[in-house]
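**Student:** just need the structure, nothing else, for what follows:
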Amino acid sequence: MQANVGDMLVVHGHVVGQANRKAEIVEIRGAGGSPPYLVRFDDGHEQLVYPGPDAVIEPSGQ
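**Tutor:** Okay, here's the model as predicted:
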């Protein structure tokens, strides 16, 4: 998985009816755009994540 700052990390819900979680990548701590990523959710919460197979990167289009 490769990402750039400003891309969106989307984690798909695990249970029927559970919404996807979306967060902006604000810092990349791995080499060459690889995890872990520091992400910021809509409510301002920041978290260091190692995305699993249920996550995808949406490019920012910059």
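**Student:** what separates the longest strand belonging to the chain from the chain centre, distance-wise?
**Tutor:** Ranked by residue count under DSSP state E, the longest strand found in the chain is strand 21-28. Centroid separation for strand 21-28 versus its chain: 4 Å, with C-alpha atoms, centre = their mean, to the nearest Å.
**Student:** for it, which strands pair with it and how are they oriented?
**Tutor:** Note on strand 21-28: by DSSP bridges, its sheet partners are strand 8-11 (antiparallel), strand 37-41 (antiparallel).
**Student:** out of those strands, flag the one nearest residue 30.
**Tutor:** Taking C-beta to C-beta, strand 37-41 is the member of these nearest to residue 30, at 7.7 Å. Just so you know, the C-beta spots here come from the backbone N, C-alpha and C atoms, and that holds for glycine as well.
**Student:** contacting residues around the closest one?
**Tutor:** Strand 37-41 is contacted from outside by 3, 9, 21-30, 46-49, 51, using C-beta atoms under 8 Å, 6 or more residues apart in numbering.
**Student:** quick one: average pLDDT of the longest strand of the chain?
**Tutor:** Computed over strand 21-28, the mean pLDDT rounds to 96.
**Student:** residue ranges with poor pLDDT in the chain?
**Tutor:** Scanning the chain for pLDDT under 70 picks out the ranges 62.
**Student:** rewinding a little: just name the most buried of the strands paired with strand 21-28.
**Tutor:** strand 37-41 (a mean of 19; mean count of other C-beta atoms under 10 Å).
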